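K.L.:
Whatever this is, show me its structure:
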Amino acid sequence: MKRLIFTAGLTLLCFAFPFAQQQRPDQVRLTLNDCLIKALENNFDILVEAFTPEISEFTIREYREKFLPRLSFGYLNQNTYSLGTWGIEGATINSKSDQYSVSLFQDIITGGALTLSLSNSMTDTTRNYPLVDPAYYSTLRLDFTQPLLKNFGPKINRRDIKKAKNQRDISVYRLKSTVIQKIYEVEEAYWGLVSAVENLKVREYSLAKSRERLEKTREAARIGTKTAIDVLSSETDVASGESSVLAIKSQVDMLEERLRKIINLPREEIGMLKSILPADKPAVAKKEITFDEALKIALEERPELASKQIEIENSSIDVSYFKNQLLPQLDLRFQLWYPGQSGLRYVYLNDNPLTGQVIDTIEGSRGDSLEDVFKWKYDNWQIRLDLNIPFGNFLSRASLARARTEKDQKLLENERGKKSIYYEIVEIFKELKNNEKSLDASVRYRQLMERKLEAEEERYRLGLTSSDWLFQYQERLVQARTGEIGAIIDYKISVAKLERILGINLEAKNLKFKSYDF
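P.N.:
So this is what the prediction gives:
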């Protein structure tokens, strides 16, 4: 009965010790989901890449501003002295003038430009025999220019805006690629740390048992039931165990630091000495998906392919633009203007200024000249067609040839990307299959070791074996359980890799990055 109680207690200790995870004051407990959220919030690669779509949005605004109206104001004040070139106008001429102007400019999406301007000016001169002095001039002018061949149409003139929008979408897909990769790196680092921690606990348990056996062997040697060789063998086992524990502790520190770096865990949160304690237990759920389903999902969800499609669209836009640039420049120009004039008008004797006799004056002002303008008193217009044929465009088509070549290159890169994804899926399915087999084998091995330990415990109860053999079987069972955990983690990492390849690990983990709708 005592042997049975001893065996049961020893077995319980064997299973309880390696897998117990008691949080110490110098540890911070984190689940996988905690790490994923912290990575999305703190990882520098993600945060840096997240600025790119915002920068692209400002670029779009810049190109759109081209089609906003522009208002211009002008003022001129001028005073000149000059020598007269005609004797009757005077030896020296002093002229004063000023001008006010306002203009409204508007670029049109069809490629045209519209200008509406209003000017008002005054001229005062010392010339002899003036007809009007000071004189006031006003002009209301409408100028419209529209390309009819080269640079015609919304498609050509919205090229920069469309490409900027596409570039913003490309930057969003690149951000998604970065997020997907970091999520996978967090999963890989987290489960790698779990595996190392579990392995460390087994090694520490094994080392503790080796030290127990060493003490018992030394005691047995003292009373003569064991030899010095037995003691040396036990001491060697302890030294080997200590070396293994130190190596695995170093591995745990390295994996912990890798996870800490990816999630960028602030030092003030965890302190300089605190370590990360994984809170999730390694459990596995088989991934049920066919190869064809996986390939279809990857071709639809991989951000690299979506980004490449947009690059192809940008190349198509360039091809259309440079085709248009080969056309002759045929511009339609229309001008419509209404002048107005007023001032102090001199009435000479017999309407002859050379008499020098002013018989009357007619008062006028700036307002009078503007009144003439808005009464549409003087109607002037002009229509003109300008044709410009650049022969260089017919002889050299380098820009169009480059755009077409770049489009062909992007199409080929897209096909290469699809083929690369195909082989990635082939490889990950092989890896999943092998890890699944390894998992099944480790489960069977652990079950066999449990049955073997039960049989050995029965032999120990009957006095047919020693406690040393029982300890060895118990340690083998713990190692079998650790191997099973390792196989589970390998399978989980393979599933994480599959979700990364398919581009769906954000959705699979029910995560969302800020306001981006990927």
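
K.L.:
what about the strands in the stretch 51-200 of the chain?
P.N.:
Counting by DSSP state E, counting those that start in this stretch, one finds strands in the stretch 51-200 of the chain at the ranges 70-83, 92-107, 113-125, 132-147.

K.L.:
Would you mind listing the buried residues in whichever strand or helix holds Leu330?
P.N.:
Leu330 is part of strand 329-348, with elements assigned from DSSP states H and E. For strand 329-348, the neighbour count (16 or more other Cβ atoms under 10 Å) marks 329-331, 337-346, 348 as buried. In short, each C-beta sits where N, CA and C put it, glycine included.

K.L.:
what does stretch 225-242 give?
P.N.:
Across stretch 225-242, burial judged by 16+ other Cβ under 10 Å covers 226, 230-231, 234, 237-238, 241.

K.L.:
Just the ones of those in helices?
P.N.:
Under the assignment DSSP state H, those contribute 230-231, 234, 237-238, 241 to helices.

K.L.:
of those, closest to Leu32?
P.N.:
Gly241 (30.5 Å; Cβ to Cβ).

K.L.:
number of nearby residues for the closest residue to that closest one other than its chain neighbours?
P.N.:
With Cβ to Cβ, 6 or more residues apart in numbering as the criterion, Gly241 has its nearest non-adjacent residue at 3.7 Å, and that residue is Leu207. By other Cβ atoms under 10 Å, 19 other residues sit near Leu207.

K.L.:
And the helix or strand hosting Leu207, how far out from the chain middle?
P.N.:
Taking DSSP H and E as the criterion, Leu207 maps to helix 159-223. Centroid separation between helix 159-223 and its chain, computed with Cα atoms, centre = their mean, to the nearest Å, is 26 Å.

K.L.:
for it, packing partners?
P.N.:
Counting contacts by 3 or more Cβ pairs under 8 Å, 6 or more residues apart in numbering; DSSP states H and E, helix 159-223 packs against helix 2-19, helix 32-42, helix 44-64, helix 228-263, strand 275-278, helix 303-325, helix 467-502, helix 505-508.

K.L.:
and the second one, what does it pack onto?
P.N.:
In this structure, helix 32-42 packs against helix 159-223, helix 228-263, with contacts taken as 3+ Cβ pairs under 8 Å, 6+ apart.

K.L.:
Identify whichever of those helices lies nearest to Tyr473.
P.N.:
Closest among the helices and strands packed on helix 32-42, once you apply Cβ to Cβ, is helix 159-223, at 11.8 Å.

K.L.:
Average pLDDT for that closest one, rounded please.
P.N.:
The average pLDDT for helix 159-223 rounds to 91.

K.L.:
on that earlier part again, tabulate the helices and strands packed on helix 159-223 (JSON lines), appending mean pLDDT.
P.N.:
Below are those laid out as JSON lines (pLDDT from 0 to 100):
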{"stretch": "helix 2-19", "mean pLDDT": "36"}
{"stretch": "helix 32-42", "mean pLDDT": "93"}
{"stretch": "helix 44-64", "mean pLDDT": "93"}
{"stretch": "helix 228-263", "mean pLDDT": "89"}
{"stretch": "strand 275-278", "mean pLDDT": "85"}
{"stretch": "helix 303-325", "mean pLDDT": "95"}
{"stretch": "helix 467-502", "mean pLDDT": "86"}
{"stretch": "helix 505-508", "mean pLDDT": "90"}
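
K.L.:
can you list those in TSV and add distance to Ala220?
P.N.:
As requested, the helices and strands packed on helix 159-223 are exported to TSV (distance: least, Cβ to Cβ, whole Å):
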stretch	distance to Ala220
helix 2-19	18
helix 32-42	47
helix 44-64	59
helix 228-263	7
strand 275-278	39
helix 303-325	66
helix 467-502	10
helix 505-508	56
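
K.L.:
of all the helices and strands packed on helix 32-42, which lies closest to Lys375?
P.N.:
helix 159-223 (41.9 Å).

K.L.:
quick one, domains of this protein?
P.N.:
2-60+160-316+414-508, 70-107+112-150+330-388 (automatic domain parsing).

K.L.:
Check the offset of the shortest one from the chain's centre.
P.N.:
A distance of 57 Å separates the C-alpha centroid of domain 70-107+112-150+330-388 from that of its chain, computed with Cα atoms, centre = their mean.

K.L.:
likewise the longest one?
P.N.:
Computed by Cα atoms, centre = their mean, the separation of domain 2-60+160-316+414-508 from the middle of its chain amounts to 29 Å.

K.L.:
Buried residues in stretch 443-456, which are they?
P.N.:
Buried residues in stretch 443-456 (16+ other Cβ under 10 Å): 445-446, 449, 453, 456.

K.L.:
Which one of these is nearest to Ile263?
P.N.:
Arg446 (32.2 Å).

K.L.:
how close does the closest one sit to Glu484?
P.N.:
5 Å (Cβ to Cβ, to the nearest Å).

K.L.:
How about Thr92?
P.N.:
Distance of Thr92 to Glu484, computed by Cβ to Cβ: 111 Å.

K.L.:
which of those two has more neighbours?
P.N.:
Per other Cβ under 10 Å, whichever of Thr92 and Glu484 has more neighbours is Glu484, with 22 against 10.

K.L.:
For that one, give me its contacts.
P.N.:
Neighbour list for Glu484: 439, 442-443, 445-446 [criterion: Cβ atoms under 8 Å, 6 or more residues apart in numbering].

K.L.:
For Arg444, see how far away it is.
P.N.:
10 Å.

K.L.:
and what of Ala189?
P.N.:
In terms of Cβ to Cβ, Ala189 sits 30 Å off from Arg444.

K.L.:
Out of the helices and strands packed on helix 32-42, which gets nearest to Tyr81?
P.N.:
Proximity to Tyr81 (Cβ to Cβ) singles out helix 159-223 among the helices and strands packed on helix 32-42, at 50.1 Å.

K.L.:
The closest one versus helix 44-64: what angle between them?
P.N.:
180 degrees (axes from the mean of the first three to the mean of the last three Cα atoms, to 10 degrees).

K.L.:
Give me the below-cutoff pLDDT ranges for the stretch 351-500 of the chain.
P.N.:
354-356, 358, 360, 392-396, 466-468 (pLDDT under 70).

K.L.:
nearest to Leu511, of the strands of the stretch 51-200 of the chain?
P.N.:
Taking the strands of the stretch 51-200 of the chain one by one with Cβ to Cβ, strand 92-107 is closest: 43.8 Å.

K.L.:
What helices and strands are in contact with the closest one?
P.N.:
strand 70-83, strand 113-125.

K.L.:
export those to JSON lines and tack on distance to Glu507 and mean neighbour count?
P.N.:
Converted to JSON lines, the helices and strands packed on strand 92-107 look like this (distance: least, Cβ to Cβ, whole Å; neighbours: other Cβ atoms under 10 Å):
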{"stretch": "strand 70-83", "distance to Glu507": "46", "mean neighbour count": "10"}
{"stretch": "strand 113-125", "distance to Glu507": "48", "mean neighbour count": "17"}
